[in-house]
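Asks: predicted structure and sequence below. I'll ask about it afterward.
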Amino acid sequence: MNLNAFKTARFFGIALLACAIVLLFINPKPENNLPAGFYTPIIAFEFIQTPQEVQHFFDVKDVPSYEQGLLTGNAIDYLFMCLYSGLLLFIALGIYRISNAKTMFLAMLFCLSMLVFDGLENLQLYYILQNYKTGDIIENLGLLNIFTWLKWSSIASAFLLFSPFFFKGKIFHKIIGIFCVSCFGLCIAAFLQHGVLNEIFATSVVLVFLLLVVFVFTFKEK
C-alpha cells in the first residue's frame, strides 16, 4: 500500500523526462549573448537582472526565431512545472506513509509553492519578452527575481526535507540524500553570488530529479 504513491510518481517521472527532452530541443541555444557565468539561455533568462542584460540577451542572429523558441518553451513549461511538482508531491506522500515523518507535510506545501511561483515566474518572462523592446520592464525584472528564487528555493527545501529519509536507506539512497543536502547548500551560495553558481545549482537540481526518478522505479519496501 505504501508503494502506491511511488508508483504514481513513476508516471510523473516518465512524463517529466519526456517533457524535458522536448524543451531541450525547443529552448534556444546560446549565441555569446548570456551574462557572465551563464551557459544555458533559459537559466540565464530566469536569473536575468537588468534591462541592459535583457537587451544583450536578445542580441542574436535571428531574433524572431529566438523569441519564438522562448515563447514556445514558456508555454510548455506550464506542463513541465505540473509534472515536476507532482513527482515531488507523490514522493513526499510515499515517504510520509513509510516513515510517518511530519516534515513531509511541509514538503508537500513546498510542492504547491514551487508550482505557484513557477507559474508567476513564467508570467513575468512572458511580459519581458513582449515589452523589452519598447516598454519599461524594471518592475517585471524585480518580480521575476522574487518569483524565481521562491520557486528554486522551494525545490531545494523539499529536497532537504527528503534527505533524512534517504540517509536511513542503502548506499544509493544515501547518495541521493547527500545530493539533496548539497543542492540546498548550492541554492544559498547561488543566492549570495550571482553567476556561474546559478548554473551549478540548476544542474544539481536536474541531477537530483534524475536520481529521484531512478529511486521511484527501484525502491522496494521491506
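Replies: Received it, and whenever you're ready, just let me know what you need. Keep in mind that what you see is a predicted model, and the values were worked out from it rather than measured.
Asks: so which residues of this protein form strands?
Replies: Using DSSP state E, the chain contains no strands.
Asks: remind me which residues of it are low pLDDT?
Replies: Counting by pLDDT under 70, the ranges of the chain that qualify are 1-3, 222.
Asks: hmm, try it at 80
Replies: Across the chain, the ranges flagged by pLDDT under 80 are 1-3, 221-222.
Asks: how about the nearest residue to the residue nearest the centre of the chain, chain neighbours excluded?
Replies: Per C-alpha atoms, centre = their mean, the C-alpha nearest to the average position across the chain is that of Trp152, at 5.9 Å. For Trp152, ignoring the flanking residues on the chain, the nearest one in space by C-beta to C-beta, 6 or more residues apart in numbering is Cys187 at 6.3 Å. To be clear about C-beta, it is placed using only N, CA and C from the backbone, and glycine gets the same treatment.
Asks: cool, and Asn131?
Replies: In space, and not counting its chain neighbours, Asn131 is closest to Ile137: 5.5 Å by C-beta to C-beta, 6+ apart.
Asks: and if you look at Leu150?
Replies: Among residues not flanking Leu150 along the chain, Phe117 sits closest, at 4.2 Å (C-beta to C-beta, 6+ apart).
Asks: do the same with Leu87
Replies: Nearest residue to Leu87, sequence neighbours excluded (C-beta to C-beta, 6+ apart): Phe12, at 3.9 Å.
Asks: which residues touch the one you found?
Replies: By C-beta atoms under 8 Å, 6 or more residues apart in numbering, the contact set of Phe12 is 83-84, 86-87, 90.
Asks: those residues in helices, which ones?
Replies: Counting by DSSP state H, those place 83-84, 86-87, 90 in helices.
Asks: export those residues as JSON lines, with columns for distance to Phe191 and neighbour count.
Replies: Below are these laid out as JSON lines (distance: C-beta to C-beta, whole Å; neighbours: other C-beta atoms under 10 Å):
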{"residue": "Leu83", "distance to Phe191": "25", "neighbour count": "19"}
{"residue": "Tyr84", "distance to Phe191": "20", "neighbour count": "23"}
{"residue": "Gly86", "distance to Phe191": "26", "neighbour count": "19"}
{"residue": "Leu87", "distance to Phe191": "24", "neighbour count": "24"}
{"residue": "Phe90", "distance to Phe191": "28", "neighbour count": "23"}
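Asks: including distance to Val60, could those go into TSV?
Replies: Formatted as TSV, the ones in helices among the contacts of Phe12 follow (distance: C-beta to C-beta, whole Å):
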residue	distance to Val60
Leu83	29
Tyr84	28
Gly86	34
Leu87	33
Phe90	39
